[in-house]
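> sequence first, predicted model second:
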Amino acid sequence: MTDLIHEFIARGAHVQGDRPALLFRDAVLSYAQVWDLVSNAANGLLAQGLCAAERVAIYLPKQPETVVGIFATAAAGGCFVPVNPVLKPRQVSYILRHSQARILVTSAQRLQQLAAELPDCSDLHTLVLVDTLSGERREALARDLPGLTIIDWQDLLEATPLPRHRRIDTDMTALLYTSGSTGNPKGVVLSHRNMVAGARSVAEYLENTPEDRLLAVLPLSFDAGLSQVTTAFSVGASVVLMDYLLPRDVLKAVARYEVTGLAAVPPLWNQLLQQEWPAEVATSLRYVTNTGGAMPVASTRALQQKLPHTRIFLMYGLTEAFRSTYLPPEELEQRPQSIGKAIPNAEILVVNEAGELCAADEPGELVHRGALVALGYWNDPEKTAERFRPAPGQDPALPLPELAVWSGDQVVRDAEGYLYFVSRKDDMIKTSGYRVSPTEVEEVAYLSGLVAGAAALGLTHVQLGQAIALVVTPSSQASSATLERDLLAFCQRELPNFMVPTRVIVREALPHNQNGKIDRRALNAEYAGLFEEPTA
């Protein structure tokens with residue numbers, strides 16, 4: 001029985017070591033090869049002084065070193081922190097500081113972009129580069145970053161073996177950073193148990209086997225993207241690593257690698273549906289899934305036409321519990337708007353404001369209980385207490401109440417037990433499958449010095465799910481004639497692409513509510529149809 005997440009790879013190497021584990025461009029790495037790399041990299045991390053549960057940040061695109069770094073950290077007894085490769089230096093620096101990362105695995109190019117931010121990351125002591133710096137550039141970095149050890153990936157792999165830190169299934173092994181409706185992103189703490197249970201649960205209802213080949217197009221910093229890898233490894237299946245530039249590249253990869261399983265966010269599915277599909281796609285795909293937001297019924301119907309023999313699983317999840325619900329494909333015709341029922345080894349409750357279980361068709365908050373509930377938010381007891389609370393309906397004689405995750409999402413359950421998403425309780429923006437904090441976007445706007453007031457809104461958009469509109473009033477230093485252009489350019493420099501506003505709206509004043517706060521509800525109502533396509 002596998003209790004720790006890296007043991008999936010060890011078991012695959014032991015049972016059938018020559019089976020493909022990772023495919024990347026033209027390279028194929030077997031389970032035995034990946035386990036050798038994971039073991040050697042774990043020795044290297046330990047040789048750099050990694051202590052139990054210390055954080056190792058990995059800031060790379062999807063490539064074999066990213067996967068090896070994740071599982072090597074777990075094997076050594078540390079805690080891995082995958083950082084979205086599209087984040088800019090300021091966001092990366094925040095994650096490094098907040099997670100108190102001790103080691104950073106990245107590339108030479110990314111290190112040069114980050115160099116100015118790293119002196120503020122006081123816990124960091126080692127940089128591991130997956131490619132090679134010139135001697136002159138290495139010396140310059142060493143001068144600019146005193147106190148930091150810089151080593152090459154190959155040196156990490158050649159370290160002398162050292163004893164691993166002893167860990168058990170309830171120990172933390174991952175920090176996944178996810179945006180909230182206010183402030184900076186929060187670090188969701190996941191244990192080995194969370195990740196192992198999640199992988200097994202998903203593999204069970206997707207009926208994954210060693211013959212499956214999954215295409216990983218979602219970021220590994222995203223819970224659903226990481227789940228693609230852990231789910232595949234849990235059954236000895238293969239994973240194709242891909243960072244795509246154009247939607248058609250995804251379809252080409254499905255055909256080239258004979259992919260059997262594909263997960264994507266609704267905006268990507270909508271883009272894929274506009275492409276010409278190679279005949280091999282419908283032949284190879286056994287199943288497809290969605291994540292990162294509700295799937296439009298029209299998109300689901302179009303997928304059914306493109307993939308008449310492929311099983312379509314509609315899913316819902318939150319980072320704080322990895323996965324929560326799925327709709328069996330045989331229910332798709334009857335209830336295409338449903339997010340389904342609880343995944344294996346989880347219970348999903350619908351709870352009203354009084355803390356009582358809702359009746360059928362009564363809206364309430366989705367509450368998830370079970371082995372997948374995370375350990376809270378890293379170094380944030382206040383926000384943890386808001387979201388991780390005792391599960392309702394427990395016997396008061398229970399001395400230590402079980403904690404559940406209260407999602408903040410409003411749902412209803414029908415008479416047959418199927419769930420339907422209604423809305424979110426907070427101001428979170430969901431765009432292109434990402435969760436974006438309005439406050440993060442607004443803070444960058446204020447940082448520009450160009451605005452006196454700012455409100456970031458998530459407005460309905462047919463392709464993105466929601467698009468970001470940034471409504472601002474100019475500061476005294478701003479030029480009204482060029483404010484929209486100048487602010488957008490500043491956001492493009494300071495924010496990852498998915499956070500950049502689709503539209504900047506300049507106005508003389510912003511509405512305020514009775515408490516003096518910007519009235520987001522009024523702004524949302526005013527601009528609700530901004531990105532809607534005009535009717536004929």
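Everything's here; your move.

> so how far is Leu241 from the residue most central in space within the chain?
What sits nearest the mean C-alpha location of the chain, by Cα atoms, centre = their mean, is Phe222, with 1.4 Å. Distance of Phe222 to Leu241, given as Cβ to Cβ, to the nearest Å: 14 Å. Placement of C-beta: from N, CA and C, glycine included.

> about what we covered before: I figured the residue nearest to the centre of the chain hits Asn84, correct?
Yes. Assessed by Cβ atoms under 8 Å, Phe222 is found in contact with Asn84 at 7.4 Å.

> tell me which stretches of the stretch 301-450 of the chain form helices.
381-387, 438-447 (DSSP state H, counting those that start in this stretch).

> and the first one, what does it pack onto?
Identification of packing neighbours for helix 381-387 by 3 or more Cβ pairs under 8 Å, 6 or more residues apart in numbering; DSSP states H and E yields strand 403-413.

> let's see the strand it packs on as CSV, backbone CA atoms only.
Extracted C-alpha coordinates of strand 403-413, given in CSV (Å, rounded to 0.1, in the frame of the first residue of the first chain):
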residue,chain,number,x,y,z
LEU,A,403,-12.8,19.9,10.2
ALA,A,404,-14.4,20.3,6.8
VAL,A,405,-13.6,22.9,4.1
TRP,A,406,-16.4,25.5,3.6
SER,A,407,-16.1,26.4,-0.1
GLY,A,408,-17.8,29.7,-0.3
ASP,A,409,-19.6,28.4,-3.3
GLN,A,410,-23.4,28.4,-3.4
VAL,A,411,-25.0,25.2,-4.8
VAL,A,412,-28.3,23.4,-4.8
ARG,A,413,-28.9,19.6,-4.6
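
> what helices or strands is that strand leaning on?
By 3+ Cβ pairs under 8 Å, 6+ apart, strand 403-413 packs against strand 346-351, strand 364-370, helix 381-387, strand 388-390, strand 419-424.

> tell me, how many residues neighbour the residue nearest to Cys51 when sequence neighbours are not counted?
Leaving aside its sequence neighbours, Cys51 sits nearest to His165 (Cβ to Cβ, 6 or more residues apart in numbering; 7.3 Å). As a burial measure, His165 scores 17 neighbours (other Cβ atoms under 10 Å).

> report pLDDT for His165.
For His165, the pLDDT comes out at 98.

> I'd guessed it sits against Ala52; true?
Yes. Between His165 and Ala52 there is a contact under Cβ under 8 Å: 3.9 Å.

> shared neighbours of these two, anything?
Gly77, Gly78 (Cβ atoms under 8 Å, 6 or more residues apart in numbering).

> just to revisit the earlier point, among the helices and strands packed on strand 403-413, which is the most enclosed?
strand 364-370 (a mean of 23; mean count of other Cβ atoms under 10 Å).

> within the sheet, what are the partner strands of that strand, with directions?
If you go by DSSP bridges, strand 364-370 pairs up with strand 346-351 (antiparallel), strand 403-413 (antiparallel).

> output the first one as CSV, restricted to C-alpha atoms.
What follows is strand 346-351, C-alpha atoms only, in CSV (Å, rounded to 0.1, in the frame of the first residue of the first chain):
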residue,chain,number,x,y,z
ALA,A,346,-15.6,12.3,0.2
GLU,A,347,-18.9,13.6,1.4
ILE,A,348,-20.4,16.8,0.0
LEU,A,349,-22.9,18.7,2.2
VAL,A,350,-25.1,21.7,1.3
VAL,A,351,-25.5,23.9,4.4
